[in-house]
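*Asks:* sequence first, predicted model second:
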Amino acid sequence: MAEHDGTPNGYVPARHPAHDEDSWHDAADERTEAGTDDEFADLDEIDARYLRTLATPSYDLGPKTDSFVVDLTAAESAASRHSMSFEQDVTGETEPVPAAQASLPSAAQGSLPNASTEPPIARPDIAPEPAFPPAAVPHTATPSFDITPAARPSAIEFVIPPVPAGTSVLGAESLTAATVLKHRRARPQSGWRKRVYSATGGKINFGLSRADRRRADLIERARTPVGGCYRLAVISLKGGVGKTTTTAALGAMFADLRGDRVVALDANPDRGTLAERAPRESGATVRHLLAARGDLHRYADVRAFTSQSPTRLEVLASDSDPHVSHAFSEDDYRDTVAILERFYNLVLTDCGTGLLHDAMRGILGLANSLVVVSSASLDGARSASATLDWLEAHGLEDLAKNAVVVISSVRPGGGIVDVLQLEDHFASRCRDVVTIPYDPHLESGGVLDISELEQETADAYLELAAAVGEGFATR
């Protein structure tokens, strides 16, 4: 019982522990010494409730935190039971969370005494309320989704706008070379027309001859623009028919006539000789290129692995190490082409003899067109025709139909073979046929220089470049 001292209400207010440095246990002891709740029975209801509030311990959580008043002996309220039920529903735990601990911030819960884990005092005079039911989730029909991933595009297509045309006769686009510059005949390139033009200092110009016009047409066809990278494979079932020579000469002609980058790759699984047709500037081979694939970011990085001829044709040599026991495989070829097509517009592949080795699957799978080489002999022609038969029998009819056949004369004199009959045979099976005459510069097997070729041989390789270049537009 609190002592009476003549105050208006007749009691001495209990000291609030929040203003002292006493602990929670000290505040509980003072309340025990003051008596139980029955000692407030002689007071009216308002005074007794006020005294109980003052005697309830509080907690000081810091200078920037307000004090919370918690009655640990009071009956469990409906809100606290709702909180415990909801906590049990969410976490799935069977241990109830006391109302006193649930009402405090998380930082203060760790400082509560062991009494916070004791079950609440049962009050038989208050009927328990039902647990807080979980929030009702409205039932909605589950939509049907197609989770199959969309097919990835095989390649990125760029939309290139056409050359702008003049929309007005008075606009700037109307001023072109055809409408403003005076028309002049092309300068003759050969024959007596050229001699007259040179003798008169250009004052007399008879224009191009028929041969000059044909040559200009061949050059234009050989310079057909390439979108992206074009992959050309030179194949043959028979060895010794001039396949490597055809690869080097055709690549040199393209590199000399075109302004883009051209590279010739020796994909012979055995020891290839393509590197011997260009001045050797690097001792690297395709194996070294594959080993450094992670460090190739610029054209200059790849250029260190190739050798360049005077016509700007670059050659990547095959592996010639006799200690290597692993043949050039399909994966090796695909990885090599994946590197080269990032930096070159034309990739010519000198294939090995035969069509059944592992690398040939990758070559035929990536080739945009083929050049089938045959010698001007019966066995060479039969091997070339058998190559077309093999392509048609294995689902590569398009490659066989669009191929260009080269009949290479590897011996002087021409022999007794009817070359015209061979041309007619292959012309009925593929897109074009070109015959390369015999040339002593090609027979040597050394470094190939197209400036050293005889005029007839150079014209034949120009015709071959034009026939192959026509396929660039129909890619």
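*Replies:* On my side now, so go ahead.
*Asks:* could you use CA atoms for every contact and neighbour count after this?
*Replies:* Will do.
*Asks:* in this structure, which helix has the most residues?
*Replies:* In the chain, assigned by DSSP state H, the helix with the most residues is helix 455-473.
*Asks:* dump the C-alpha coordinates for that helix into PDB.
*Replies:* Output of helix 455-473 as PDB, limited to C-alpha atoms (Å, rounded to 0.1, in the frame of the first residue of the first chain):
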ATOM      1  CA  GLN A 455      49.100 -13.500-121.500                       C
ATOM      2  CA  GLU A 456      46.900 -16.400-122.500                       C
ATOM      3  CA  THR A 457      47.200 -18.000-119.000                       C
ATOM      4  CA  ALA A 458      46.600 -14.700-117.300                       C
ATOM      5  CA  ASP A 459      43.500 -14.100-119.300                       C
ATOM      6  CA  ALA A 460      42.300 -17.600-118.500                       C
ATOM      7  CA  TYR A 461      42.600 -17.000-114.700                       C
ATOM      8  CA  LEU A 462      40.800 -13.600-115.200                       C
ATOM      9  CA  GLU A 463      38.000 -15.500-116.800                       C
ATOM     10  CA  LEU A 464      38.000 -17.900-113.900                       C
ATOM     11  CA  ALA A 465      37.800 -15.000-111.400                       C
ATOM     12  CA  ALA A 466      34.900 -13.600-113.400                       C
ATOM     13  CA  ALA A 467      33.000 -16.900-113.400                       C
ATOM     14  CA  VAL A 468      33.500 -17.400-109.700                       C
ATOM     15  CA  GLY A 469      32.700 -13.700-109.000                       C
ATOM     16  CA  GLU A 470      29.300 -14.000-110.600                       C
ATOM     17  CA  GLY A 471      28.300 -16.300-107.700                       C
ATOM     18  CA  PHE A 472      28.900 -13.500-105.200                       C
ATOM     19  CA  ALA A 473      25.700 -11.700-106.400                       C
END
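*Asks:* what residues of that helix count as buried?
*Replies:* By 16 or more other Cα atoms under 10 Å, the buried positions in helix 455-473 come out as 457-458, 460-472.
*Asks:* before we move on, what about stretch 448-455?
*Replies:* Across stretch 448-455, burial judged by 16+ other Cα under 10 Å covers 448-450, 453.
*Asks:* would you turn those into a markdown table with secondary structure?
*Replies:* Listed next are these as a markdown table, based on DSSP: H, G, I helix; E, B strand; the rest coil:
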| residue | secondary structure |
| --- | --- |
| 448 | coil |
| 449 | coil |
| 450 | helix |
| 453 | coil |
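*Asks:* please identify which of those is nearest to residue 350.
*Replies:* The nearest member of the buried residues of stretch 448-455 to residue 350, counting by Cα to Cα, is residue 448 at 15.2 Å.
*Asks:* my guess is that closest one contacts residue 440. True?
*Replies:* No. Using Cα atoms under 8 Å, residue 448 is not in contact with residue 440, being 11.2 Å away.
*Asks:* just to be sure, residue 315 is in a helix?
*Replies:* No. Residue 315 is assigned strand when assessed by three-state DSSP, not a helix.
*Asks:* ok, now which ones touch the residue nearest to it when sequence neighbours are not counted?
*Replies:* Leaving aside its chain neighbours, residue 315 sits nearest to residue 264 (4.8 Å; criterion: Cα to Cα, 6 or more residues apart in numbering). Applying Cα atoms under 8 Å, 6 or more residues apart in numbering, we find residue 264 in contact with 247-248, 251, 313-316, 347-350.
*Asks:* phi, psi for residue 264 please.
*Replies:* Main-chain dihedrals, residue 264, degrees, to the nearest 10: phi -110, psi 130.
*Asks:* residue 374 now?
*Replies:* Dihedral angles for residue 374 - degrees, to the nearest 10 - are phi -130, psi 150.
*Asks:* count of neighbours near it?
*Replies:* Neighbour count of residue 374, defined by other Cα atoms under 10 Å: 30.
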